[in-house]
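>>> Below is the sequence, then the predicted model.
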Amino acid sequence: MLLEEIDHDQNQQIKLHFIAEVKDVLRFSSAKKLIKYAGTDPVIKQSGKFRVNKHISKQGSPWLRNILFQMAVGVVTWEPYFREYFLRKKKEFKSYKKAMVAVINKLIRVIYGICKNGAYFNPSLSFYSKNYVSICEVSHA
């Protein structure tokens, strides 16, 4: 088997595992709820005016978190938009793990937007672009 075929097979398996865990992305009313379901939402400790983001909640499916981590590694490796986002977050947080969680949550928001809007991902229309319109561009094809 060629390396490309192996990569394609692994990508297909990851997609199928994601679908098996989530079932239908649109059963969630928002991307935030899907992030909470995955257990990658931050735990916030608060006392009066003191507020600290500690770690992820891990209340969701550990299988889904593993699948999302594998997907995040793939998009950071192959997609320049996500690579730039990862590097920016790694510099900001000074932590590989925190940067990867940020990528996972970004990936969830993108997947949710794509499914909800029936659109293609267009990184040139992202929030960080000067031509900001939407993270998704509706397909007319």
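Sure thing, it's come through. Numbers count the residues shown, from 1 in each chain.

>>> Name the SS class of Y120, please.
strand (DSSP: H, G, I helix; E, B strand; the rest coil).

>>> Contacts only, for N53.
Going by CB atoms under 8 Å, 6 or more residues apart in numbering, N53 touches P42, V43, I44. C-beta: built from backbone N, CA, C; applies to glycine.

>>> Out of these, which comes closest to V52?
Nearest to V52 among these: I44, at 7.1 Å, using CB to CB.

>>> Roughly how far does M71 sit from N117?
20 Å (CB to CB, to the nearest Å).

>>> Name the residue in the two with the higher neighbour count.
Between M71 and N117, counting by other CB atoms under 10 Å, M71 is the more crowded of the two (21 against 14).

>>> give the contact list for that one.
I14, F18, I104, L107.

>>> L16 falls within a strand, correct?
No - assessed with three-state DSSP, L16 is helix; it does not lie in a strand.

>>> What pLDDT is listed against it?
We note a pLDDT of 84 for L16 in this prediction.

>>> And the one 4 residues further on, by the same measure?
Residue-level confidence at A20 comes out at 85, pLDDT.

>>> Which of the contacts of N53 fall within strands?
Within the contacts of N53, residues falling in strands by DSSP state E are P42, V43, I44.

>>> Where neighbours are concerned, which of the residues you listed has the most?
Going by other CB under 10 Å, P42 tops the ones in strands among the contacts of N53 with 14 neighbours.
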